[in-house]
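S.K.: Quick one: sequence plus predicted model below, questions after.
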Amino acid sequence: PDGADNYTIGLNVCPLWVNGDHWGWACNTPFDDIKPVLGYYDEGLPETADWENKFMAEHGIDFQAFCWYATTSNAPMKTTRLADQLDEAYLHSKYGDKVKFCLLWEAANAARPANSEAFRNYYVPYWIENYFTDPRYMTINNKLVFSIFGADNLISIFGTGLKDEFDYMREEVKKLGFDGMIYLVCGTSSQAAADMGFDGCYAYNWGKEGYTFEHNRKSILASADNKAVYTVPTVSVGFNSIPWHGIRYPMMSVDDFKTAHTWIRDEYLPTYAAKGTWQEKFSMISTWNEYGEGTYI
């Protein structure tokens, strides 16, 4: 669309929709309002990924942040968990070059490295070999975008040494010709995030109250007022978790969705994003396909 190249727009992707994995579609099918436009698809098929690539490209989305689940703590990884959508579908899709990808490391609900040696010997090489060297991996200003959900779980392993691990990976990707990494934590700005080595933060979602523009605006500004790390503005749409929790909650209206992005474009980014940096004109959407949790576009 016109103007799409003027902004950098990413969204979170939750890989739960392969029959036989996780809870599958059965928990969603009783509720017509959360039936996807694609129907009840198999996300492990490249054809499915290309329909998603088409939807995203036509609406100005630049990249997908795929939730990534490790399977080992102190041993080489051959495969990872819930990886079909990225490894089997997107990476083999015909039009993956139209919408790039990055990793959203799920450090809350999956295996985590046992120590520094495990991180450097098993995790970083796996990411480099399978993802970072792929030309479709998302970069801003020649820096790889990398986000983490559940970063607090890494503190118990590394403590303040987590920054050393981040610095190590920065230097490793520089050997590949990149200018470093942009580390984003799912959450709000804090000195703890800065001490861990994060460059910025963004919301995976804004919870059950996140269905209004006003709650999005207040939540973004509350984080931005803490200037320890930069707050990437994120538009959430609510948390209609009736498939998983049996309770229906409101979802954002189309008008509020437009209002939220207009506010980010016209007010937030000109005020808070540092011009000439990776922050400029960068915004996130949460989340593409959390149908069971009820955070979806």
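M.R.: Sure thing, it's come through.
S.K.: Read off the pLDDT value for residue 5.
M.R.: Per-residue confidence at residue 5 stands at 86 (pLDDT).
S.K.: What is the neighbour count of it?
M.R.: 9 (other Cβ atoms under 10 Å). For the C-beta atoms, the positions are set from N, CA and C on the backbone; glycine is no exception.
S.K.: Can you tell me how far it is from residue 280?
M.R.: To residue 280, residue 5 is 13 Å away according to Cβ to Cβ, to the nearest Å.
S.K.: Which stretches in the stretch 151-297 of the chain count as strands?
M.R.: Applying DSSP state E, counting those that start in this stretch to the stretch 151-297 of the chain gives strands spanning 181-186, 200-202, 230-231, 234-235, 282-285, 289-290, 295-296.
S.K.: Let me know which of those is tucked in deepest.
M.R.: Counting by mean count of other Cβ atoms under 10 Å, strand 234-235 has the highest mean neighbour count of these, with a mean of 28.
S.K.: Could you give the average pLDDT over that one?
M.R.: pLDDT averaged over strand 234-235 gives 97.
S.K.: now stretch 132-139
M.R.: Stretch 132-139 comes out at a mean pLDDT of 98.
S.K.: likewise stretch 213-229?
M.R.: 98.
S.K.: Stretch 243-254 too?
M.R.: Mean predicted lDDT for stretch 243-254 stands at 94.
S.K.: circling back: the strands of the stretch 151-297 of the chain: which one's closest to residue 168?
M.R.: Smallest distance to residue 168 across the strands of the stretch 151-297 of the chain (Cβ to Cβ): 10.4 Å, for strand 181-186.
S.K.: Give the other helices and strands that that closest one contacts.
M.R.: If you count contacts as 3 or more Cβ pairs under 8 Å, 6 or more residues apart in numbering; DSSP states H and E, strand 181-186 packs onto strand 143-149, helix 162-174, strand 200-202.
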